[in-house]
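# generate coordinates for the sequence data below:
(one chain, ligands or ions: 1)
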Amino acid sequence: QTAKPQVVLLATGGTIAGAGASATNSATYQAAKVPVDKLIAGVPELSAVAQVRGEQVFQIASESFTNEHLLTLGKRVAALARQADVDGIVITHGTDTLEETAYFLNLTVRTDKPIVVVGSMRPSTALSADGTLNLLNAVTTAADKSSRGKGVLVVMNDEIHNGRDVTKSINIRTEAFKSPWGPLGMVVEGKTYWFRAPAKRHTMNSEFDIEQINALPQVDIAYGSGNASDTAYRAFAAKGAKAIVHAGTGNGSVAGPVVPALRELRAQGLQIVRSARVVGGGFVLRNAEQPDDQYDWVVAHDLNPQKARILTLVALAKGADSKTLQRVFMEY
Ligand SMILES: NC(=O)C[C@H](N)C(=O)O
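Numbers count the residues shown, from 1 in each chain. All right, here's what the predicted structure looks like:
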């Protein structure tokens, strides 16, 4: 009998480790309560798929993830990926910022071993809790050789998503994670089925390397709306932001009263990234809506504001200027 693949489960908290007062509490509960050994013990079916060992990296709700958490987690994932006795890595994570961590790892961990990020929408104590099957599907995907070289994956609700594309699109359904360009595959009854592969640079082909990153700059997001003012942009700059991601209306458009502030801040050295707040997937074109060449601003292409923040962090940590920043937004 051949040995089972070895999968390390890194637990960070979230609703998948959440506990409510009763089985009918599907939305009222405390995140980050159940420790990693209990998560593993709660799904005995895991042992048929892989040899799973767990590590509790953090025990937090993902809305409280900081840049330091990203660095700590990324370095641990990279160290494990280098070990010969690790075939795949699963990260349990709160769903609120799961897409940000998945994209960060996708950009910075240089490995072709499967890295799968997973969460749940209902706490472990709820009726029809979704965490157990999500976890089994995530370990199945991480243990599968066919998952290699596809970048960091997110497995939720039987679907395998590209960690770059996927976003939390609703907060009250188990069918919460969507990729604007579609999922990569499915996990059904312990088997993976693939339909497409990521086209953008990631992991092994990335120019970024978590081993070389020891600090991440402050990058903030300001939200566009009607009656917009420049207050938030100037306040972020005053507090030391190195870049501001503009979560713009429509095609990353910028309200008239905000334009002079963004031009001034750019002149002071901050990078200005125009993204789109639209939910179906943005697509911001350079020099459409605003003269980006003239203002030396950057467009986020199809990345949503929170993902644009992650790529900006990583690029600025490597000293990117505005030209490099624009290049990486098209390549990653
Ligand atoms: N469903 C969840 O995991 C939400 C929770 N607030 C978290 O992100 O940790």
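# wait, what's in contact with Gln290?
Gly252, Ser253, Val254, Val259, Arg274, Trp297 (Cβ atoms under 8 Å, 6 or more residues apart in numbering). C-beta coordinates here come from the backbone N, C-alpha and C atoms, glycine included.
# any idea how far the first one lies from the ligand?
Just to be clear, that refers to Gly252. Taking Cβ to the nearest ligand atom, to the nearest Å as the measure, Gly252 and the ligand are separated by 26 Å.
# give me the subset of the contacts of Gln290 lying in strands.
Within those, membership in strands is found for Arg274, as judged by DSSP state E.
# now the buried members of the contacts of Gln290.
The neighbour-count test (16 or more other Cβ atoms under 10 Å) marks Gly252, Ser253, Val254, Arg274, Trp297 as buried among these.
# tell me which two in those residues are the farthest apart.
Checking the buried ones among the contacts of Gln290 against each other with Cβ to Cβ, the farthest-apart pair comes out as Ser253 and Trp297, at 12.3 Å.
# can you find the residue of the protein that comes nearest to the ligand?
Closest to the ligand within the chain is Gly94: 2.0 Å, counting by Cβ to the nearest ligand atom.
# what pLDDT does that residue get?
pLDDT for Gly94: 98.
# on that earlier part again, could you dump the contacts of Gln290 to TSV with pLDDT?
Listed next are the contacts of Gln290 as TSV, based on pLDDT from 0 to 100:
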residue	pLDDT
Gly252	97
Ser253	97
Val254	98
Val259	98
Arg274	98
Trp297	98
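# report how many residues lie close to the residue nearest to Ala255 when sequence neighbours are not counted.
Among residues not flanking Ala255 along the chain, Ala228 sits closest, at 3.8 Å (Cβ to Cβ, 6 or more residues apart in numbering). Applying other Cβ atoms under 10 Å, we find 19 other residues in the vicinity of Ala228.
# host element of Ala228?
Taking DSSP states H and E as the definition, Ala228 sits outside all helices and strands.
# all numbers from here: first residue = 7
Okay, residue one is now 7; in that scheme the one you just asked about reads as Ala234.
# is it true that it touches Val265?
No - contact status for Ala234 versus Val265: not in contact, 10.2 Å apart, counting by Cβ atoms under 8 Å.
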